[in-house]
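K.L.:
Provided below are the primary sequence and the corresponding predicted coordinates.
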Amino acid sequence: MGDKRNKKKGFMYESLFVYESMAHGLVPHSPHEDPDCHDLVVMGDSGNLNIVQVKSVKFKCWQEPKTKTGGFKYNIKATCRNGKISLKDSYVDILVIYTPNEGEWYIIPTCFIESSSIS
């Protein structure tokens, strides 16, 4: 039952990202099937295509202060194929993270991802 709920939640946030993309003048394309590593292909103004994975995270975790700026953080797995492949090693160009409690979007080029989890 949890897997069905996660699929519905994922579809809902992907749909919200499609709306937000279109509102900002981008052209999102959804695949006919459910690919292993990506959710959408988004075309920008110049015609460039970006392969996008959309994820959401709801709960904050306390981060022990390593510096004076300690506080809360989010943790998310930056993987696909059930954790077998890190997005940094995949064909995905952009990881999009949505935080429903704050209504914030984080857009992270996968070339900046250094591990299979992001905090």
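P.N.:
Happy to help now that I have it. Numbers count the residues shown, from 1 in each chain.
K.L.:
A strand includes residue 88, no?
P.N.:
No: secondary structure of residue 88 (DSSP: H, G, I helix; E, B strand; the rest coil): helix, not part of a strand.
K.L.:
If I look at it, what pLDDT would I see?
P.N.:
For residue 88, the pLDDT comes out at 81.
K.L.:
what about the nearest residue to it once chain neighbours are set aside, how many neighbours?
P.N.:
Leaving aside its sequence neighbours, residue 88 sits nearest to residue 113 (CB to CB, 6 or more residues apart in numbering; 4.3 Å). For the C-beta atoms, the positions are set from N, CA and C on the backbone; glycine is no exception. By other CB atoms under 10 Å, the residues close to residue 113 number 18.
K.L.:
And residue 113, how far from residue 84?
P.N.:
Per CB to CB, to the nearest Å, residue 113 is found 16 Å from residue 84.
K.L.:
now the strands for this structure?
P.N.:
In the chain, the strands defined using DSSP state E lie at 27-29, 40-43, 49-56, 61-63, 71-73, 76-77, 79-80, 85-86, 94-99, 104-109, 117-118.
K.L.:
residues near residue 109, how many?
P.N.:
Residue 109 has 11 nearby residues by other CB under 10 Å.
K.L.:
Could you shift the numbering so residue one becomes 17, and keep it that way?
P.N.:
Yes, from this point I'll number from 17; that puts the last item at residue 125.
K.L.:
residues in contact with it?
P.N.:
Neighbouring residues of residue 125 by CB atoms under 8 Å, 6 or more residues apart in numbering: 109-111.
K.L.:
mind running it again at 7 Å?
P.N.:
By CB atoms under 7 Å, 6 or more residues apart in numbering, the contact list for residue 125 reads 109-110.
K.L.:
so what's it bridging to?
P.N.:
residue 110 (DSSP bridges).
K.L.:
Helix or strand with the lowest mean pLDDT in the protein?
P.N.:
strand 77-79 (a mean of 59; mean pLDDT, DSSP states H and E).
K.L.:
coming back round to it: wait, isn't the residue nearest to residue 104 in contact with residue 94?
P.N.:
Yes: the pair residue 129 and residue 94 passes the contact test of CB atoms under 7 Å, sitting 5.2 Å apart.
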